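A.B. asks: structural data only, the sequence is not supplied:
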């Protein structure tokens, strides 16, 4: 009975493509191209046109906005809890002339745990981000790694007093290196137009990148192909009608 309920819930959570002119294979492929690679909507439009599929970049934008969130929500449930060492870092982004801070957390394997765009980086902002992480992971980390920003320590004492906090130099290189794709994508998109757009994009982008990050440089080619095929199979299961 429990298994049937879980199956029914999975069917309920599947995206609905009713009313769309294009089949789900084309829609999901367009969303995959946009979030998986550093492409613009017009780039995706051209790639689809090369295959004989005529669709405007505005339509692709709408697909990514609607279905990207749905795919990411399902992938997040499938991936479950991530690593028990959290690397936290904040980087500033300029949105409509205002400085905002993109708070990010990655685990010891480099997988993105969660992100949050906020206008400040004080204690209350750190506490808000911590609550979001704790709610999503449903547990405290074994170890917390940050820079020497005092807001982290103040928030940790309030919400996670028993967690080991590491602020040693170079200890947080894992988080700092993972920012590089963000800057690259920010340049490609010519900066974000709103906080909501940045929050929405990076929430989806991080989960999809987690699925297709298989550590290619650490694997033999056969193992890499096997893991890539498994990731593509998961993507198909998540995006199929």
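C.D. replies: Structure's in. What do you need? Just so it is clear, the structure is predicted and the values come from calculations on it, not from any experiment.

A.B. asks: next SSE after the helix or strand where residue 87 lies?
C.D. replies: Element membership for residue 87 (DSSP states H and E) is strand 85-95. Of the helices and strands lying after strand 85-95 in sequence (DSSP H and E), the nearest is strand 98-106.

A.B. asks: can you name every helix or strand that the helix or strand following that following strand contacts?
C.D. replies: The C-terminal neighbour of strand 98-106 among helices and strands, as given by DSSP H and E, is strand 112-118. Applying 3 or more Cβ pairs under 8 Å, 6 or more residues apart in numbering; DSSP states H and E, one finds that strand 112-118 contacts strand 98-106, helix 123-137, helix 195-212. The way it works is simple: take the backbone N, C-alpha and C, and place the C-beta from them, glycine included.

A.B. asks: turn the ones you listed into a markdown table, including distance to residue 76, mean neighbour count and mean pLDDT.
C.D. replies: Formatted as a markdown table, the helices and strands packed on strand 112-118 follow (distance: least, Cβ to Cβ, whole Å; neighbours: other Cβ atoms under 10 Å; pLDDT from 0 to 100):
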| stretch | distance to residue 76 | mean neighbour count | mean pLDDT |
| --- | --- | --- | --- |
| strand 98-106 | 14 | 20 | 93 |
| helix 123-137 | 8 | 17 | 95 |
| helix 195-212 | 5 | 19 | 92 |
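
A.B. asks: quick one: closest of the ones you listed to residue 92.
C.D. replies: Closest approach to residue 92 among the helices and strands packed on strand 112-118 (Cβ to Cβ): strand 98-106, 5.2 Å.

A.B. asks: list the helices and strands that closest one packs on?
C.D. replies: Here strand 98-106 touches strand 85-95, strand 112-118, helix 123-137, helix 173-177, helix 195-212, going by 3+ Cβ pairs under 8 Å, 6+ apart.

A.B. asks: mean confidence score for the longest helix belonging to the chain?
C.D. replies: Determined from DSSP state H, the single longest helix within the chain is helix 57-79. The pLDDT scores in helix 57-79 average 94.
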